[in-house]
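Student: Have a look at this fold, sequence not included:
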């Protein structure tokens, strides 16, 4: 999907919401567990309930891999069910030497038809560039993450700057705003503005709003650019808004609440 | 597998060879392509030809994932075929926030019975510690990698030291020599000695000998400790020693050459 098409969808839906499909078999509503593929049934209901409100879906690969082959089957069928106008993100955090990165790019762009994949850039340029070689596909590299461990290495103090700002500038030179996005955690709202100044045109994928406590209005205020340039992810706050038979209605209500807040911010 | 059992195997086989099972469907001997599962047939032949010479096997997950579900089937059956005395490594380079890292640990230690998994530590402590919570299982974290891109971030200059030495010291405090190993690339033989000084007791998984040009004797000289403390990986140089019907014999010859050099180094 091109940047222009993604932007058009954001304007049309008045939303920059990404729904994280982190379906945990241990957290699903109990009445689904008798289904042949409970995760697929759950994901379909979530997608049906939110696809007019969300512009992107992000399956977290760990939740599927942990179930072995039947998890990959659930993933494939869930991916097929996502409406084609929605942007799809394989949240896989892959990253390895060049010939292995080639294989991972093939996995998520050819074997599975994702629009994008999250990439861990710690191994450097040859671990990232293979993901940039596919027309209309995207690498979403870690810029600054929202977890406690971000402090361990991403904040490592160099002579002039922290590692993460050095890394973001370097990575921006490897791709373009048309094939490279950055993960920028919402729990660090004060840093979003400085990252936006470094890379004014790139999309940010923003986790950490919702269950992790980040503020949507702060993210928009500091992170939006002229084309919005944000995909804000929510996973648990939407998926598990209710653990009962009304889980899909509850998910829709939470997604609608976020979309309405987004529309108000965009009208700003 | 405990460190003691791994060490006993190294002494018994007079070898610290790890064979990387990076079976690329496009590089397999052509006569195998008519098999029902060419990769499994290939892996079985390689394992049969080398299991008295190697102490560990390391499937590179990318090569299996890129084939979708049939790749995961090949992986599972290959894993089942590896003799139980050999140490197994899921070369997956996983790394994500805590609750996701939990899922990846479950994938490789419960859904699949690997002894260890390679972990990308860029997201910090909560992305690594879930892999340390399983008795007899190991996290193998990136210390210093052997690819050109290692220079981009791992060599980032801090006020007193480069990122990778800071990272190695910090990670050593998260685990013990009984559940944590480091990936240390063989193409940087001069740095192996300084890393060994930082973490005298931990095992190193060393890629880069063979196709990538690292020297086995240099690695041993600078990296061995009193318990050897090394697993030296070779993938392409063994797997593709011949592309003909004699591929398994050629793989054995190359593995034997390496094992004999290892035995000579261990005899000192």
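Tutor: Looks like it came in fine. Keep in mind that what you see is a predicted model, and the values were worked out from it rather than measured.
Student: biggest helix in chain A, by residue count?
Tutor: Longest helix in chain A, counting residues (DSSP state H): helix A:247-267.
Student: Now do that helix, average pLDDT.
Tutor: For helix A:247-267, mean pLDDT rounds to 98.
Student: That helix - contacts with which helices or strands?
Tutor: Applying 3 or more Cβ pairs under 8 Å, 6 or more residues apart in numbering or on different chains; DSSP states H and E, one finds that helix A:247-267 contacts strand A:17-21, helix A:38-50, helix A:216-223, strand A:230-234, helix A:236-239. Yep, even glycine has a C-beta here, placed from its N, CA and C like the rest.
Student: so residue A:70 touches residue A:40, yeah?
Tutor: No: contact criterion Cβ atoms under 8 Å: residue A:70 and residue A:40 do not qualify, at 9.7 Å.
Student: quick one, which of those two is more surrounded?
Tutor: residue A:40 (21 against 14; other Cβ atoms under 10 Å in any protein chain shown).
Student: Quick one: residues contacting residue A:250.
Tutor: With contact set as Cβ atoms under 8 Å, 6 or more residues apart in numbering or on different chains, residue A:250 has these partners: A:241, A:242, A:244.
Student: Could you save these as JSON lines and add columns showing secondary structure and distance to residue B:254?
Tutor: Shown next, in JSON lines, are these (DSSP: H, G, I helix; E, B strand; the rest coil; distance: Cβ to Cβ, whole Å):
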{"residue": "A:241", "secondary structure": "coil", "distance to residue B:254": "57"}
{"residue": "A:242", "secondary structure": "coil", "distance to residue B:254": "59"}
{"residue": "A:244", "secondary structure": "coil", "distance to residue B:254": "60"}
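Student: Need those in CSV (columns: neighbour count).
Tutor: What follows is those, written out as CSV (neighbours: other Cβ atoms under 10 Å in any protein chain shown):
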residue, neighbour count
A:241, 19
A:242, 15
A:244, 10
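Student: circling back to that earlier point, out of the helices and strands packed on helix A:247-267, flag the one nearest chain B.
Tutor: The closest of those to chain B is helix A:236-239. By Cβ to the nearest Cβ, the value is 8.9 Å.
Student: Check whether that closest one comes into contact with chain B.
Tutor: No: Helix A:236-239 lies out of reach of chain B by Cβ under 8 Å from any Cβ of the partner chain, never closer than 8.9 Å.
Student: what about the longest helix of chain A, distance to the chain center?
Tutor: On the basis of Cα atoms, centre = their mean, to the nearest Å, helix A:247-267 sits 17 Å off its chain's mean C-alpha point.
Student: For residue A:211, report the pLDDT, please.
Tutor: 65.
Student: What residues of stretch A:159-168 count as buried?
Tutor: A:162, A:163, A:164, A:165, A:166, A:167, A:168 (16 or more other Cβ atoms under 10 Å in any protein chain shown).
Student: ok, now stretch A:201-215?
Tutor: For stretch A:201-215, by 16+ other Cβ under 10 Å, it's A:202, A:203, A:204, A:205, A:206, A:207, A:208, A:209, A:210, A:211, A:212, A:214.
Student: for it, the distance to its chain's centre please.
Tutor: With Cα atoms, centre = their mean, you get 9 Å for stretch A:201-215.
Student: residues in contact with it?
Tutor: A:3, A:6, A:18, A:20, A:58, A:89, A:118, A:140, A:143, A:145-146, A:172, A:177, A:180-187, A:189, A:192, A:195-196, A:216, A:219, A:223, A:225, A:229-238, A:258.
Student: That stretch spans what distance, first to last residue?
Tutor: End-to-end span of stretch A:201-215 (Cα to Cα, to the nearest Å): 22 Å.
Student: doesn't residue A:195 make contact with residue A:225?
Tutor: No: if you go by Cβ under 8 Å, residue A:225 and residue A:195 don't touch, sitting 11.4 Å apart.
Student: So which of these two has more stuff around it?
Tutor: residue A:195 (20 against 15).
Student: give me the residue from the stretch 151-268 of chain A nearest chain B.
Tutor: The stretch 151-268 of chain A approaches chain B most closely through residue A:152 (3.4 Å), counting by Cβ to the nearest Cβ.
Student: show me the contacts for that residue.
Tutor: B:121, B:124, B:125, B:167, B:170.
Student: Mind picking the two most distant members of these?
Tutor: Spatially, the most separated pair among the contacts of residue A:152 is B:125 and B:167, at 11.1 Å (Cβ to Cβ).
Student: The stretch 101-250 of chain A: helices as residue ranges?
Tutor: For the stretch 101-250 of chain A, the helices defined by DSSP state H, counting those that start in this stretch cover A:125-128, A:150-153, A:163-172, A:189-198, A:216-223, A:236-239, A:247-267.
Student: Would you point to the one among these that's packed deepest?
Tutor: For the helices of the stretch 101-250 of chain A, the largest average neighbour count (mean count of other Cβ atoms under 10 Å in any protein chain shown) is found in helix A:125-128, namely a mean of 24.
Student: Next, see if that helix gets close to chain B.
Tutor: Yes: counting by Cβ under 8 Å from any Cβ, chain B is contacted by helix A:125-128 at A:125, A:126, A:127, A:128.
Student: Please name every helix or strand in contact with that helix.
Tutor: Against helix A:125-128 (3+ Cβ pairs under 8 Å, 6+ apart) you get helix A:98-106.
Student: and with 10 Å instead?
Tutor: When contacts are defined as 3 or more Cβ pairs under 10 Å, 6 or more residues apart in numbering or on different chains; DSSP states H and E, helix A:125-128 sits against helix A:98-106, strand A:138-144, helix A:163-172, helix B:150-153.
Student: got those as CSV, with mean pLDDT columns?
Tutor: Formatted as CSV, the helices and strands packed on helix A:125-128 follow (pLDDT from 0 to 100):
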stretch, mean pLDDT
helix A:98-106, 96
strand A:138-144, 98
helix A:163-172, 98
helix B:150-153, 96
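Student: mind putting those in TSV, distance to residue B:108 included?
Tutor: Shown next, in TSV, are those (distance: least, Cβ to Cβ, whole Å):
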stretch	distance to residue B:108
helix A:98-106	16
strand A:138-144	21
helix A:163-172	27
helix B:150-153	24
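Student: Out of the ones you listed, the one nearest residue B:100 is which?
Tutor: Residue B:100 lies closest to strand A:138-144 among the helices and strands packed on helix A:125-128, at 13.1 Å (Cβ to Cβ).
Student: relative to helix A:163-172, how tilted is that closest one?
Tutor: Comparing the axes of strand A:138-144 and helix A:163-172 via axes from the mean of the first three to the mean of the last three Cα atoms, to 10 degrees yields an angle of 160 degrees.
Student: Packing partners of strand A:138-144?
Tutor: Strand A:138-144 packs on strand A:87-94, strand A:116-119, helix A:125-128, helix A:163-172, strand A:180-184, helix A:189-198, strand A:204-206, going by 3+ Cβ pairs under 10 Å, 6+ apart.
Student: Confidence-wise, which of those is weakest overall?
Tutor: Note on the helices and strands packed on strand A:138-144: helix A:189-198 shows the lowest mean pLDDT, a mean of 92.
Student: Tell me, how many residues neighbour residue A:20?
Tutor: Residues lying near residue A:20 (other Cβ under 10 Å) number 23.
Student: So in terms of bridging, what pairs with it?
Tutor: Residue A:20 forms beta bridges with residue A:58, as assigned by DSSP bridges.
Student: ok, it - contacts?
Tutor: Applying Cβ atoms under 10 Å, 6 or more residues apart in numbering or on different chains, we find residue A:20 in contact with A:56-60, A:63, A:89, A:91, A:207, A:210-211, A:233-239.
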